[in-house]
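> structure of the sequence below:
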Amino acid sequence: MGVAIRTKQQLLDEYLVASARTGDRKAFELLARRWQGKLVAHAWRLTGDVDLAREAAQEGWIEIVRGLGRLRDERAFPAWAYQIVSRRCARRIGRLQRDRALAAAAAAEPVGDSAAPELGDGPAMARLRAALGGLPPEQRAAVGLFYLEDMGVAGTAIALNVPAGTVKTRLMHARRKLRAVLEGDL
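Residues are numbered from 1 along each chain as shown. This next block holds a predicted model:
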């Protein structure tokens, strides 16, 4: 059985989680600063809307603060935090859909490039950002967590609250769509 090698960043996060769990306010503030952008980016991948993403991440932090004392394994923090934000996004999307149905306003919100993860500049990166933005939210979230956040299939599955097989299927379909767009087949 192999031993997982953790990066300095992972070790720092684990230390911050353990310290924050014991009430160290500075550790929690640093943890929040380190993770805020990642959680907002994840929420954006799920919602496609900058404002919804920020609101869902903020609500997620409230739940993280309340539940951090019950988190027993510091290494589980990334998947746990992403899972919380995923649930908050689902709730926000559900509320939004209900509100739209009541108001008969079915027009979808435009996806803004400003919340897209930084992938660099140039026409190839612009095409990649556009291709990522064109993926369905479930696939965009799986790609973001797996490739952009370097989470494995198991961690991505926990974060999205779906089976590992579903993550693999979403990644497979997303890769096909991205390849088709980037090779100009569509």
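> got the CA positions of the helix-or-strand element of the chain with minimal mean pLDDT in CSV?
One helix or strand of the chain scores below all others by mean pLDDT, DSSP states H and E: helix 123-133, with a mean of 78. Coordinates of each C-alpha in helix 123-133 appear next as CSV, following Å, rounded to 0.1, in the frame of the first residue of the first chain:
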residue,chain,number,x,y,z
PRO,A,123,-6.3,32.9,-28.3
ALA,A,124,-5.8,29.3,-27.3
MET,A,125,-6.6,30.1,-23.7
ALA,A,126,-9.6,32.2,-24.7
ARG,A,127,-10.9,29.2,-26.7
LEU,A,128,-10.3,26.9,-23.7
ARG,A,129,-12.1,29.4,-21.3
ALA,A,130,-15.0,29.6,-23.7
ALA,A,131,-15.1,25.8,-24.1
LEU,A,132,-15.1,25.4,-20.3
GLY,A,133,-17.9,28.0,-20.0
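> could you point out which element follows it?
Per DSSP states H and E, the first helix or strand lying C-terminal to helix 123-133 is helix 137-143.
> which other helices and strands contact that following helix?
Packed against helix 137-143 by the contact rule (3 or more C-beta pairs under 8 Å, 6 or more residues apart in numbering; DSSP states H and E) you find helix 25-47, helix 123-133, helix 153-160, helix 164-182. Placement of C-beta: from N, CA and C, glycine included.
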